[in-house]
Structures are given as structure tokens and as C-alpha cells.
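sequence first, then the predicted structure:
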Amino acid sequence: MIMEEQLKGLQRALGEVKSIEKPKIISVASGKGGVGKTNVAINLGIIFSKMGKKVLVLDGDLGLGNVNVVLGIIPKYNLYHVMKGGVSLKDAIVKVGDLGMDIVAAGSGFTQLAELDDVERRKFLEEIKSLSDYDIIIIDTSAGIGRNVISFVLASHETIIITTPEPTAITDAYGIIKAISAESLKLSSNVKLIVNRVKNPSEGIKIADRISTVAGQFLGVKIESIGFIPEDPSVEFAVKRQQPFVISFPNSQVTLHLKHIAQRLENMKVKDEDKGLTRFFKVFFGG
Ligand SMILES: Nc1ncnc2c1ncn2[C@@H]1O[C@H](COP(=O)(O)OP(=O)(O)OP(=O)(O)O)[C@@H](O)[C@H]1O
Ligand SMILES: [Mg+2]
């Protein structure tokens with residue numbers, strides 16, 4: 001139940017952010033782990049920033065975050081320090097100068113946002129306001145259907161579910177779509193699908209079709225495919241070098257496919273009532 005005091009705070013916050021058009025919040029999620037979320041989140045962020053957008057990649061994998069590891073960065077502060085240690089979100093933002101985007105790393109030993117008490121929640125709300133400078137915030141979530149993930153997904157304007165062609169990844173992708181659709185009766189979510197590590201285009205198309213057909217038939221939700229990404233050794237090379245593949249391998253197939261995906265996301269419009277940080281506030285602080 002939402003307390004009267006909280007409701008007033010929420011209304012004040014909504015009043016303050018109503019006119020803000022920015023940012024567009026995109027979460028990247030998956031049922032199964034290790035399917036490519038972090039690589040998609042980071043590389044998509046770089047592509048958007050090269051398109052002239054001001055981008056923040058927020059590591060929402062609060063227990064096992066590794067956005068900074070893939071980038072070879074050791075940040076001084078992370079979200080754990082923000083939530084529990086009196087550090088401001090601005091101080092936890094790391095400017096990845098040569099990539100032209102910012103990141104906030106996740107902490108370890110930090111389980112559920114739901115465990116935050118009222119004071120911490122309010123503090124986070126204050127901190128989040130400082131993010132309205134960004135055009136795009138990409139949230140890299142943890143695998144599975146934990147409470148954090150569902151909250152991030154519902155708070156986002158677009159959610160990208162990633163799967164690979166493996167049957168276990170497909171089943172788990174369906175599982176997270178089911179979990180989201182059960183929750184989003186309250187708040188409709190735009191769920192998009194990327195099939196990663198495909199051997200050829202027809203494999204990608206077939207899997208995307210199968211998932212969206214089943215989701216449509218059994219859950220009544222529309223899952224739109226926004227493209228596939230081929231299996232490509234460049235990804236692993238880049239991870240080992242701790243440099244994003246769009247930088248190390250700008251002409252690779254993975255980079256080209258992700259650029260098409262970025263373009264499609266860029267063309268998608270956000271509903272007026274959900275613009276900027278409004279949706280985020282509704283989900284996290286609306287009860
Ligand atoms: N398109 C691809 N081609 C080849 N290998 C890939 C591709 N995408 C991802 N990988 C491999 O999968 C590994 C895991 O990717 P990544 O860390 O982005 O997944 P994740 O979904 O974020 O994992 P976790 O659930 O653990 O957070 C990469 O280090 C890379 O070796
Ligand atoms: Mg990851």
C-alpha cells in the first residue's frame with residue numbers, strides 16, 4: 001500500500017518532471033544468462049552516442065554487474081555506494097571519454113531494490129532527477145525474472161529481450177515475457193526481441209517468429225522482433241581485450257547488425273504520458 005506521504009512525494013516529483021521529454025529508457029533483459037545483454041547494452045550505447053545522443057549505460061545487474069569489466073574500467077563508486085553509502089549518483093557516473101558515453105557500475109552484495117527503506121527510496125528519487133540530461137539511458141539487467149528486473153523493465157519505454165537459438169534460452173525468453181505480461185496489465189510495456197548468435201538470417205527469423213507467435217497466442221502480447229545478431233568471434237575477442245566490439249571491429253557483421261537495430265529503436269516513438277522520467281517514477285514510487 002502506498003502511504004499518503006509517499007503519494008504526495010510522487011505527485012510532487014511527477015509535477016516536476018512532466019515537461020521533460022528526455023530521457024528514453026531502454027532496458028535489456030533475458031531469461032537465460034550469458035546470452036549477450038551486457039555486450040548489446042554497451043555497444044548499443046556507443047552507437048547511440050556516435051549518433052549524437054547523450055547516453056548513460058546503467059548497470060542494473062546489481063548482484064553481478066560487469067559493464068565496467070567489459071569496458072576495462074575500475075570505477076571508484078557504484079550503485080551500491082549510491083544506495084547505501086551516501087554517494088551521489090552524479091559521483092558514481094564514469095565518463096568513458098573516448099567512447100563519448102557515461103556509465104554507472106553496479107555493486108556486489110546488493111540484492112533487491114525492494115529492500116530499500118522509505119528514506120533510501122526517496123533518496124534514490126532525488127538522485128534519479130539528475131539523469132534527465134541524458135537522451136538515452138540503457139539499463140543492463142540481470143538474467144531471469146527477479147523483482148529488480150521486472151521493475152526496470154516496467155519502468156522502461158522499450159525493453160529488449162535477448163535470446164540465442166538454444167532451446168533453453170528460447171524457453172527462458174518466453175518465461176520472462178510471461179512474467180512481464182503478467183505485471184504489465186498495470187502498465188503496458190513495449191517488448192522487443194533480438195535473437196543473438198544466429199548462424200544465418202533464416203535461423204533468426206524462424207526463432208523470432210516462433211516466440212512472437214507463442215506469446216501472441218498464449219499470452220496475448222505483441223512481441224516485435226527488431227533484428228538478429230550473427231554469431232561472430234569478434235565479440236569474444238573484444239571482451240577479452242576489454243574493448244567494445246563496435247570500437248575494435250567497426251566493420252564486423254555484429255557491428256553492422258547492431259547499427260540497424262539502433263536505427264529501428266531510434267525511430268520508435270514514446271507515448272506522451274510516459275515521456276522522460278515519468279514512467280520511471282510511476283513504477284518505482286507509485287506503489
Ligand atoms: N554474437 C555473438 N557472437 C559470439 N559470441 C557472443 C555473441 N554474443 C555474446 N557472445 C559471447 O557470450 C559472452 C557473454 O556475453 P554477455 O556478457 O554480453 O552476456 P550477458 O547476457 O550479459 O551475461 P550475464 O547474464 O552473465 O550478465 C560474451 O563474452 C561472448 O563471448
Ligand atoms: Mg551481463
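Received, thanks. Numbers count the residues shown, from 1 in each chain. Ligands and ions are numbered 1, 2, ... in the order given.

ok, T164 - contacts?
Contacts here follow C-beta atoms under 8 Å, 6 or more residues apart in numbering; on that basis T164 touches 32, 35-36, 195-197. Every C-beta, even on glycine, is put in place using the N, C-alpha and C of the backbone.

just G144 next, same as before
31, 33, 172, 176.

residues near the residue nearest to the third one when sequence neighbours are not counted, how many?
Spelled out, it's D172. Once flanking residues are discounted, D172 sits nearest to G31: 2.5 Å by C-beta to C-beta, 6 or more residues apart in numbering. In terms of burial, G31 registers 24 neighbours under the definition other C-beta atoms under 10 Å.

cool, and K54?
Summarising burial for K54: neighbours were counted as other C-beta under 10 Å, giving 16.

now for it: which residues touch it?
When contacts are counted by C-beta under 8 Å, 6+ apart, K54 is found next to 101, 133-136.

same question, P230
Contacts were defined as C-beta under 8 Å, 6+ apart; by that measure P230 touches 197-200, 253-254, 257.

quick check: the two most widely separated of the contacts of G144?
When the contacts of G144 are compared pair by pair using C-beta to C-beta, the farthest-apart members prove to be G33 and I176, with a separation of 11.6 Å.

give me the more crowded residue out of the two.
The residue with more neighbours, out of G33 and I176, is I176; 25 against 13, by other C-beta under 10 Å.

from what I see, the more buried one and I161 are in contact.
Yes: A contact is recorded between I176 and I161 when judged using C-beta atoms under 8 Å, the distance being 6.1 Å.

identify the contacts common to these two.
Here I176 and I161 have 29-31 as joint contacts, going by C-beta under 8 Å, 6+ apart.

which of these sits closest to V235?
Of all the shared contacts of I176 and I161, S30 has the smallest distance to V235: 15.2 Å, by C-beta to C-beta.

and the closest one, how close does it get to ligand 1?
Relative to ligand 1, S30 is positioned 5 Å away (criterion: C-beta to the nearest ligand atom, to the nearest Å).

around ligand 2, pick out the residues from this structure.
Residues of the chain lying near ligand 2 by C-beta under 5 Å from the ion: 37-38.

who touches K53 in this structure?
When contacts are counted by C-beta under 8 Å, 6+ apart, K53 is found next to 135-136.

residue of the stretch 101-250 of the chain closest to ligand 2, please.
Checking the stretch 101-250 of the chain residue by residue against ligand 2 with C-beta to the ion singles out D140 as nearest, at 5.9 Å.

test my guess that K90 contacts L131.
No: at 9.1 Å, K90 and L131 do not qualify as touching, with contact defined as C-beta under 8 Å.

neighbour count for the two, which is higher?
When K90 and L131 are compared for neighbours, L131 comes out ahead with 21 against 11, by other C-beta under 10 Å.

does the more buried one touch I138 like I think?
No: applying C-beta under 8 Å, one finds L131 not in contact with I138, separated by 11.9 Å.

what touches both of these two?
In the contact map built from C-beta under 8 Å, 6+ apart, the residues linked to both L131 and I138 are L56.

who in the stretch 101-250 of the chain is up against ligand 1?
Counting by C-beta under 6 Å from any ligand atom, the stretch 101-250 of the chain comes close to ligand 1 at 143, 196-197, 229, 231-232, 235-236, 239.

can you get me a residue count around K76?
Other residues within reach of K76, judged by other C-beta under 10 Å, total 10.

over to S212?
By other C-beta under 10 Å, the residues close to S212 number 18.

how near is it to I73?
For S212, the distance to I73 under the criterion C-beta to C-beta, to the nearest Å works out to 36 Å.

need the pLDDT of S108.
On the pLDDT scale, S108 is placed at 68.
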